[in-house]
Each structure stands twice: as C-alpha cells, then as structure tokens.
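>>> Can you look at this prediction? I've put the sequence above it.
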Amino acid sequence: MRRGFVRGRSPDILLVPREPSYIGSAGNPAHTGPWDYLVEVPLVFYGPRLRPDHALEVTEPSVADIAPTLASLIGYEAPSGTFEGRPLIRPRGKEPRVIVVIVLDGVGRNVVDLHQSAGFLRWMEKRGVAPREATVGSSPSNTPPVHTTIGTGVFPRRHGIPHVRMRTATGGYVDPFEGNVADALRVPTLGDVYDPATGNRARVGLVATVNWHLGMIGRGRARPGGDADDVVLLNDAGKQYGDASVYGIPDVARPEVLTEEVERFDVVDGERDGRWGGEDLSDPAVRYMSPAFVRYQQRMLVRTLERGGYGDDDVPDLMYVNFKAADAAGHRWGMSSDQVAELVVSEDAAVRATAFALHRLVPDRRWMLVVTADHGMTPYPKESGGWPIRGSEVKRDLEREFGRSSVTRVTSAGIFIEPGADERRIGAWLADYAVGDNLVADQSLPDAWSGREDEPLFDVVMAGRDVIATSCDA
C-alpha cells in the first residue's frame, strides 16, 4: 500500500476492505487491493539460450525486477538508484537480439490456477527462469500503475502513476495517460534511457489495446534525446490509434484480418451463427474480448516485429505487449466463466505462437520472452462470500457525518477528501463502518449476511502511507 501511494495524485485516505469484500458493484468486481489472490502473478523468462540455473536468488520478487533484469541482459548499465527492482538473471554469453515482454492482463496466479489451461506458460516455467511467488509489488493492483512499474523498474511512489484515474494539481480527476501520451510519468522507462544510449539504434515498441499500457514504453519523442518508438494500439474494430507527434505509428493494422479471424472462430463450435456462447460476435465489445481478437492481435504483433526489423542486428531491441481480452471478459462474465477459461487458452496459444515466430525471425536463437500479468481477478460475491461495498453509499454516509464539503469522491482505491477535512476523524469513523451502514434505502440484509450487520467492512484505514485506524477485531 505504501509503495502504491502517490502524494497529490492518490486518494487521501486508502482503504483495505475485509477480504474478500471490495469497493465496487456486485456485477463487476474490482481488482484493487493488496491480497495475495490479486497481487500474485506468473513471471517467467524464457529463451533458447536461457536455463533455470541462470537465475539469481532474490527475496520477494516482483514485476519491478523486470526492467533491471532486461537492462542486465542487454548490457545496459543504468546509473545507481535507477531501479527499485533487482536483476533476476545472471547474464551468460551474447545479449539477446530482441526481448519481448508479454503481459496477460488480469491473468494472475489465481486465474492460472483456477483454469489449469495455460500449458505453454507452465512449460516455459519449467525450462526458463520463473521466480516463485512473484507479485506486482504494490497496491492498487490494477493496469496503469503495474504496467508502469514493469516499464520503469520502480513502484508508483516514484513513477507517479497511482490508479486508473488520478487527481491533478488543479483538483481535476483524469486518466493518467490522457491524450494517449505518457507525460505524467515522473521517471523514465528503461526504453526511455536505453534507446538514446544506443544512439537510438535500438528498436523499442509496444503492441497493445489501451493507452494505459504506454507506461511500459515511455514518452517516445517527448523525452529529450528520445525518438518516435513504435506504438501499435488496436481498438475494438482492429484499427490503430495514437499520437503520431510522440510515437511512431507503423502501418500495421489490417481490420479485414480481424474479420477473417472472427469468421474462423465462429465455426469452431460447429455452427456459423455469429455467436460465442450465446454472445453476439457482431457486437464490437464482445469481439474485442474474444479469442478471435487475441489471434488477430498476435498476428499484428508478428507483423510489427517483421516490418520493424526487430532482432535484425546486434543492438538488442525491446518489444512490450499486452493482451487485454481475458481481463475484459472477467469484468463482463466473471473469472470462473467459460469465456475467461477459453481466453486463458487463447492467450497461452498466442504466447506460444510468438515464441515460434521469434524462432523463425531471429538469427542464432538470440531471443527471449518474458511473460507476466498485472493482477489477478476478484470472484463474484456469490462465489467468494464477500460484500460489494457501495462507494456511493459510503460517500453519502460520510457527507451526513462530516458535511457535504468533506468528501470529493470514493473510488475502489480509497477516498478523496476536501482540503481542511479531518482525515484522522474520518479514518476512525471508517474503521467502525459496518455492513448494515452500507445498505441503501429500503434494502434489507441478504440472508447470507443475517446477524452480521455489525461486521466492520474495512480492516485498515490509511492516510497516505500512515495507518490511522484499524477495525476493532482486525
């Protein structure tokens, strides 16, 4: 929690709900929290020249270790103090010509273990370097901060990206990558500093779908000495978008290929009916979170590698990738759904296909894959027994207790308060906030919670990095 707090940008009051409860709706569980099931992620380094005995022993490995490990492998000596993470691998032999970092969005360890279908990932874990019990290393455990940790090798407290939205100096609340740029980063990414160190001869690229993933690649031309690194962001129609004044936008996307993949996927169940498990594949949102889109994105990744000449020379290149479909499906249908199960298989197959492509494209087997995730998934309350804490009701209750000018907003990560509001009084009050307090008007307590109306909803309340209150029985 302390690593994830960014003063001035994060909520003023951070909340740790009692596991497995969370702040959010029953139909769309939030994955913002410090619990093991959200922060434990797969982390594997694999390449033809890499062996398990190349691993360095470190305690509490995290995704912050990716950037310093890559720097070590490609022969880039960063200034002391650049990274909070540590190298996980002892370099042996020549540097890889290209390293591809793939993030399986939302496919944390609890999702991998639930579905038991990521066969290629497990195959790589046995043959590469896969530190045990790796985590994302900070909370909130969601996409923007964790991807930026992967790119920079430091945690949010230093890189400055705290959540899916952040407060500005003028009191606004914005997407940290608003405008499809990474100007809000407070430190450079590995790509930001490594590329200029090679005279911008290294190729640095990103293939993803959401601007939040730009935290892996950095600021491109906007950083002094930087150049227009390749950025391929694909929308739900399979078309590209992005800021060409900052990044290179190579002509890669081929939406007609997405149409082909959707048609091919449609008949997998034996019927050409335009549906996937009862869902309409003509709906762009459904298509975006289907195995057809995963296959399309993987093909565009290979097209980017080929056209960009990644791995063509002895200057090591870096490519960052995010597959978002499983996470999107988890939000829509739940982590235990058939759709998420299929997408774990599809994304695992995409990793395997990428490995085969690298084997074909890169001379002398000098390539490496890094595969990880940015968080796990939260089960539906009906599966976990948790209480979906209504943030809107918490806000109303706070306003009744402390006045309408006390609280700005309540998010899954915590509470923004107005200047002058007494955060310690508010924190002490929240430590006693119970299930019965969170009922909305005319709502009765569900049978499963009978007799538990006085059960506190928050175990820990923090003001910034300081614990200011705990519930009486935490």
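Here it is on my side, so go on. Treat the numbers as computed from the prediction; the structure is a model and nothing was measured.

>>> so what's residue 416 up against?
Shown in contact with residue 416 (C-beta atoms under 8 Å, 6 or more residues apart in numbering): 11-12, 167, 173, 407-410. To be clear about C-beta, it is placed using only N, CA and C from the backbone, and glycine gets the same treatment.

>>> Which members of those residues are positioned in strands?
Counting by DSSP state E, those place 167, 173, 407-410 in strands.

>>> circling back to that earlier point, for residue 56, state which of the contacts of residue 416 is nearest.
Checking those against residue 56 with C-beta to C-beta, the nearest one is residue 11 at 36.1 Å.

>>> Just the buried ones among the ones in strands among the contacts of residue 416, please.
Among the ones in strands among the contacts of residue 416, those classed as buried by 16 or more other C-beta atoms under 10 Å are 167, 407-408, 410.

>>> ok, those vs residue 286, which is closest?
Each of those was scored against residue 286 by C-beta to C-beta, and residue 410 proved nearest at 30.7 Å.

>>> Spit out the contact partners of the closest one.
Residue 410 sits next to 23, 391-392, 394-395, 398, 416 when contact means C-beta under 8 Å, 6+ apart.

>>> neighbour-wise, which of those leads?
With neighbours defined as other C-beta atoms under 10 Å, the most crowded of those is residue 23; it has 24 neighbours.

>>> What residues are bridge-paired with that residue?
residue 389 (DSSP bridges).

>>> Ramachandran coordinates for residue 232?
phi -120, psi 100 (degrees, to the nearest 10).

>>> and if you look at the one 3 residues further on?
Here is the backbone geometry of residue 235 (degrees, to the nearest 10): phi -90, psi -180.

>>> got the domain boundaries for this protein?
With domains defined by automatic domain parsing, the chain comprises 38-377, 388-470.

>>> most neighbours per residue, which of those?
Between those, domain 38-377 has the highest mean count of neighbours, a mean of 21, where neighbours are mean count of other C-beta atoms under 10 Å.

>>> can you give me how far that one is from the chain middle?
Taking C-alpha atoms, centre = their mean, to the nearest Å, one finds domain 38-377 lying 9 Å from the centre of the chain it belongs to.

>>> what's the answer for stretch 421-441, then?
Centre-to-centre, stretch 421-441 and its host chain are 30 Å apart (C-alpha atoms, centre = their mean).

>>> list the contacts for the residue lying closest to residue 436 once chain neighbours are set aside?
Of all residues not flanking residue 436 in the chain, residue 453 sits nearest, at 3.3 Å (C-beta to C-beta, 6 or more residues apart in numbering). Residues near residue 453 by C-beta under 8 Å, 6+ apart: 434-436, 445.

>>> just checking, next helix/strand downstream of the longest helix belonging to the chain?
If you go by DSSP state H, the chain has its longest helix at helix 338-361. For helix 338-361, the following helix or strand on the C-terminal side (DSSP states H and E) is strand 367-372.

>>> and the host helix or strand of residue 114, what's its mean pLDDT?
Element membership of residue 114 [criterion: DSSP H and E] is helix 109-115. Helix 109-115 comes out with an average pLDDT of 97.

>>> counting contacts, what elements does that helix pack onto?
Applying 3 or more C-beta pairs under 8 Å, 6 or more residues apart in numbering; DSSP states H and E, one finds that helix 109-115 contacts helix 36-39, helix 338-361.

>>> got any ranges where the stretch 1-150 of the chain has weak pLDDT?
For the stretch 1-150 of the chain, applying pLDDT under 70 flags no range at all.

>>> what ranges do the strands span in the stretch 351-474 of the chain?
367-372, 388-389, 407-410, 414-417, 458-463, 466-470 (DSSP state E, counting those that start in this stretch).

>>> will you turn these into JSON lines that also has distance to residue 345?
Converted to JSON lines, these look like this (distance: least, C-beta to C-beta, whole Å):
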{"stretch": "strand 367-372", "distance to residue 345": "15"}
{"stretch": "strand 388-389", "distance to residue 345": "29"}
{"stretch": "strand 407-410", "distance to residue 345": "37"}
{"stretch": "strand 414-417", "distance to residue 345": "36"}
{"stretch": "strand 458-463", "distance to residue 345": "36"}
{"stretch": "strand 466-470", "distance to residue 345": "42"}
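
>>> what would these look like in CSV with distance to residue 239 and mean pLDDT?
Formatted as CSV, those follow (distance: least, C-beta to C-beta, whole Å; pLDDT from 0 to 100):
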stretch, distance to residue 239, mean pLDDT
strand 367-372, 27, 98
strand 388-389, 35, 97
strand 407-410, 33, 94
strand 414-417, 35, 96
strand 458-463, 42, 94
strand 466-470, 47, 87
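
>>> any chance of the domains of the chain in JSON lines, with distance to residue 31 too?
Compiled in JSON lines, the domains of the chain are given as follows (distance: least, C-beta to C-beta, whole Å):
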{"stretch": "domain 38-377", "distance to residue 31": "5"}
{"stretch": "domain 388-470", "distance to residue 31": "8"}
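
>>> closest one to residue 19 among those?
Between the domains of the chain, domain 388-470 lies closest to residue 19; by C-beta to C-beta that is 7.8 Å.

>>> Centre of the chain to the closest one, how far?
27 Å.

>>> Am I right that residue 72 falls within a helix?
Yes: remark: residue 72 belongs to a helix, assigned using DSSP: H, G, I helix; E, B strand; the rest coil.

>>> what's it in contact with, if anything?
Applying C-beta under 8 Å, 6+ apart, the residues near residue 72 are 87, 89, 91.

>>> what's the closest of the residues you listed to residue 337?
Among the contacts of residue 72, residue 89 lies closest to residue 337 (C-beta to C-beta), at 35.9 Å.

>>> Check the gap between that closest one and residue 14 for me.
Here the criterion is C-beta to C-beta, to the nearest Å. By it, residue 89 lies 34 Å from residue 14.

>>> what's the answer for residue 406, then?
Counting by C-beta to C-beta, the gap from residue 406 to residue 14 is 17 Å.

>>> Tell me which of the domains of the chain sits nearest to residue 18.
For residue 18, the closest of those is domain 388-470, at 5.0 Å, according to C-beta to C-beta.

>>> Tell me the spacing between the closest residue to residue 214 other than its chain neighbours and residue 148.
Nearest non-adjacent residue to residue 214, counting by C-beta to C-beta, 6+ apart: residue 182, 4.6 Å away. Distance of residue 182 to residue 148, computed by C-beta to C-beta: 8 Å.

>>> what touches both of those two?
Going by C-beta under 8 Å, 6+ apart, residues that sit against residue 182 and also against residue 148 are 189, 215.

>>> In contact with the residue nearest to residue 214, which residues?
In this structure, residue 182 makes contact with 189, 214-215, 217-220, 222, judged by C-beta under 8 Å, 6+ apart.

>>> measure stretch 325-339 end to end?
Stretch 325-339 has an end-to-end distance of 10 Å (C-alpha to C-alpha, to the nearest Å).

>>> tell me the mean pLDDT over that stretch?
Taken as a whole, stretch 325-339 has an average pLDDT of 97.
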